[in-house]
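Peer 1: Need a 3D model of the following:
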Amino acid sequence: MHIAERALLADDFGFAKRCDAKLALRARGTKSCCMNSPRNSKISGPHSRPALCAPRIAHARFGIGDKVRHRLFGFRGLIFDIDPVFANSEEWYDAIPEGMRPDRNQPFYHLFAENGDSAYVAYVSQQNLVGDETGEPIDHPAIPTLFERRSDGRYALEARRWH
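Peer 2: Coordinates of the predicted model:
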């Protein structure tokens, strides 16, 4: 049994264990890996997750607390979570018109979004986001539950949310 498989068997839900397993696979020359796929894990059952394949290095252009604007639709949002690659449902992905579907192997951002008429949560690929330089605050009712607005207009994750 390879070191990567032992790490997965030891703790399927431990992030550190999966990172150790990925490092071990990279040391053997593997360019990318699907850590939760059946071929890489002997664990299955109600808590198993679909396979997520990540490129060897994924660079996020934006961070948690950054204000962004959608490149095509113009709505603005505040990033509250980042997925290194697409991690939403197949139904969600298939609902995007084929000619507009983003590449799955890029960061995807969870946003507290607003468009002037309403506030909602959006899931957007990196290729469709640009920085928001308006200086205007994002008007979403969930923002005060996670973020503090600083005097310079930027948003910082509340200290009690750090881990």
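Peer 1: going forward, measure contacts between C-alpha atoms and count neighbours the same way
Peer 2: Will do.
Peer 1: in this structure, which ranges drop under the pLDDT threshold?
Peer 2: For the chain, the stretches with pLDDT under 70 are 1-58, 161-163.
Peer 1: One more pass at 90, please.
Peer 2: Scanning the chain with the threshold set as pLDDT under 90 gives 1-59, 116, 153, 158-163.
Peer 1: how about R76, what does it touch?
Peer 2: Contacts for R76 were tallied using C-alpha atoms under 8 Å, 6 or more residues apart in numbering; they are K67, V68, R69, H70, A113, E114, N115, D132, I138.
Peer 1: Could you rerun that using 10 Å?
Peer 2: 67-70, 111-116, 119, 122, 129-132, 134, 136-139 (C-alpha atoms under 10 Å, 6 or more residues apart in numbering).
Peer 1: and the gap between it and P144?
Peer 2: The spacing between R76 and P144, counted by C-alpha to C-alpha, to the nearest Å, is 17 Å.
Peer 1: could you pull out the helices for this structure?
Peer 2: 3-10, 15-27, 90-94, 143-146 (DSSP state H).
Peer 1: Show me this protein divided up by domain.
Peer 2: Using automatic domain parsing, the domains assigned to the chain come out as 3-54, 67-161.
Peer 1: ok, and for stretch 152-163, which residues are buried?
Peer 2: R154, Y155, L157 (16 or more other C-alpha atoms under 10 Å).
Peer 1: who touches the second one in this structure?
Peer 2: Shown in contact with Y155 (C-alpha under 10 Å, 6+ apart): 64-67, 78-79, 137-138, 143-144, 146-149.
Peer 1: now do the first one
Peer 2: Counting by C-alpha under 10 Å, 6+ apart, R154 makes contact with G65, D66, K67, L78, G135, E136, P137, F147, E148.
Peer 1: Tell me which of those residues fall in strands.
Peer 2: Among the contacts of R154, the residues falling in strands (DSSP state E) are K67, L78, F147, E148.
Peer 1: Apply the buried test to those and list what passes.
Peer 2: Going by neighbour count (16+ other C-alpha under 10 Å), the ones in strands among the contacts of R154 have K67, L78, F147, E148 buried.
Peer 1: I'd like the residues you listed as TSV, with distance to W92 appended.
Peer 2: Putting these into TSV (distance: C-alpha to C-alpha, whole Å) gives the following:
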residue	distance to W92
K67	24
L78	21
F147	28
E148	31
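Peer 1: the strands in this structure, which residues?
Peer 2: Under the criterion DSSP E, the chain carries strands at the ranges 33-34, 53-54, 67-70, 76-83, 108-114, 119-125, 129-131, 147-149, 155-157.
Peer 1: Let me know the closest of the buried residues of stretch 152-163 to A87.
Peer 2: L157 (22.8 Å; C-alpha to C-alpha).
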